[in-house]
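*Asks:* this one's sequence-less:
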Ligand code: ADP
């Protein structure tokens, strides 16, 4: 039945009809002895007609058969038509949605990667075939289960608890040796999650091969470089006796040997950090002391042109790995000195090292008034071997691994590195540590977790 297009709203037509019937009733009534009687005579069938149509509409809606539209006339016919049209449109929409859901399920079942839909408490609502195969889930039994009860790798539990889902987490499956899976949680809607599961075994093997190769090569290079360094140092005193062009060549040999030694050392540090467990150790670090110690040698290297200031909250301690934190401070302050413009005279360069509490925990901030870093380089400076340009620094030629080491060490402490820089004005590196890693020494020297 097609919807009847009415020019007037139903209620207006009904009102006119009622007024006409009442007027007729009153007219006929007054002709036969009393208009009240006439009104009763017309109203009773009118009300009965409405009641009957109400009964029809209720029976129709309860039956659920949209096509069995009750037959009527007048305003009720209009109402039935409109309800029919609305229900038809709704059914069409539902069929379309159903088709879409079936299409989505079919296509995600065909995906080589696993997909799981999780609710706000990480219970499984839906899984595709690949996810079932990769995680060994049962089609019906595991629906409604918490994913952490089924994927029991501690790394995954840590990943879920950390609530930072910008990265992924790699796990091994105990009953399938050699299989490495990468899991990534993607929040969508409010409080719903997609868990993407990828088989990264091959990638993992290649990565392991790369690590083994770099580790072996670095190890093998270390001995010949030490021998070379020994000869370079031993012959340093004899350099003056060489012809001038050989003197230059000899100095270059010395410089390049040092550079290669630093490269090998930095490579080995990054590999060691990659191989360590996700979370750093639990030593209580007196950061003020560490900053003082770690900058002692650098102060000598900086010379009179650069002034290094330390502003550290003496009561604020860090829980972590002392060697790695030393390496963070050493690299950041080392860079600030190294990339200070060569033409700065005595006292013109300033490097400030701050250690202070903030709302997220505590931050180690290294700022300088050096050359700064152009915006286009900022996103890349933490990448392995990335260097802004190849000019030698004040102290040494860089390896492009310093900031990689800083980010690796920081992430093991649950921290994050951020950089702000303006060319010609200087750079600020901020290492943010989470509350869980920060402790405050109280007056009687007891430590409590930072609030
Ligand atoms: P490198 O061993 O070359 O110093 P890093 O990873 O430590 O490697 O730094 C990457 C690049 O970032 C450097 O080559 C340098 O150009 C730039 N950089 C780092 N720190 C600073 C700084 N404080 N001021 C200016 N440039 C910097």
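*Replies:* Nice, I can see it. Predicted, not measured: the structure shown is a model, and the values here were computed from it. Numbers count the residues shown, from 1 in each chain.

*Asks:* residue 255 contacts residue 261, correct?
*Replies:* No. In this structure, residue 255 is not within contact of residue 261 by Cβ atoms under 8 Å, at 10.8 Å. Every residue, glycine included, has its C-beta placed from N, CA and C.

*Asks:* how about the residues of the stretch 351-451 of the chain near the ligand?
*Replies:* 368, 370-371, 373, 381, 386-388, 398-404, 427 (Cβ under 6 Å from any ligand atom).

*Asks:* just the buried ones from those?
*Replies:* Buried residues within those, counting neighbours by 16 or more other Cβ atoms under 10 Å: 368, 370-371, 373, 381, 387-388, 398-404, 427.

*Asks:* of the residues you listed, which belong to helices?
*Replies:* Secondary structure from DSSP state H places 402-404 of these in helices.

*Asks:* and the least confident of the residues of the stretch 351-451 of the chain next to the ligand?
*Replies:* Lowest pLDDT of those: residue 398, 86.

*Asks:* show the pLDDT at the closest residue to residue 403 other than its chain neighbours.
*Replies:* Excluding its sequence neighbours, the residue lying closest to residue 403 (Cβ to Cβ, 6 or more residues apart in numbering) is residue 382, at 4.6 Å. The model reports residue 382 with a pLDDT of 94.

*Asks:* residue 449 too?
*Replies:* pLDDT for residue 449: 48.

*Asks:* and the residue of the stretch 251-400 of the chain closest to the ligand?
*Replies:* Among the residues of the stretch 251-400 of the chain, residue 398 lies closest to the ligand, at 2.2 Å counting by Cβ to the nearest ligand atom.

*Asks:* how close does the residue nearest to that residue when sequence neighbours are not counted get to residue 400?
*Replies:* Excluding the flanking residues, the one nearest residue 398 by Cβ to Cβ, 6+ apart is residue 387, at 5.8 Å. Counting by Cβ to Cβ, to the nearest Å, the gap from residue 387 to residue 400 is 4 Å.

*Asks:* quick one: low-confidence parts of the stretch 351-451 of the chain?
*Replies:* Low-confidence segments of the stretch 351-451 of the chain (pLDDT under 70): 443-451.

*Asks:* so which elements touch whichever strand or helix holds residue 274?
*Replies:* Assigned by DSSP states H and E, residue 274 belongs to helix 244-275. Helix 244-275 sits against helix 201-235, helix 402-412, with contacts defined as 3 or more Cβ pairs under 8 Å, 6 or more residues apart in numbering; DSSP states H and E.

*Asks:* which residues are contacting the last one?
*Replies:* This means helix 402-412. Outside of helix 402-412, the residues within contact range by Cβ atoms under 8 Å, 6 or more residues apart in numbering are 266, 269-270, 273-274, 276, 278-280, 320-321, 324-325, 327-328, 331-332, 334-335, 381-384, 416-417, 429, 431, 433.

*Asks:* that one vs helix 244-275, what angle?
*Replies:* Interaxial angle of helix 402-412 relative to helix 244-275 (axes from the mean of the first three to the mean of the last three Cα atoms, to 10 degrees): 20 degrees.

*Asks:* okay, now residue 76: neighbour count?
*Replies:* By other Cβ atoms under 10 Å, the residues close to residue 76 number 20.

*Asks:* can you show me the strands along the stretch 351-451 of the chain?
*Replies:* Counting by DSSP state E, counting those that start in this stretch, the stretch 351-451 of the chain has these strands, from start to end: 361-368, 416-422, 426-434, 438-441, 447-449.
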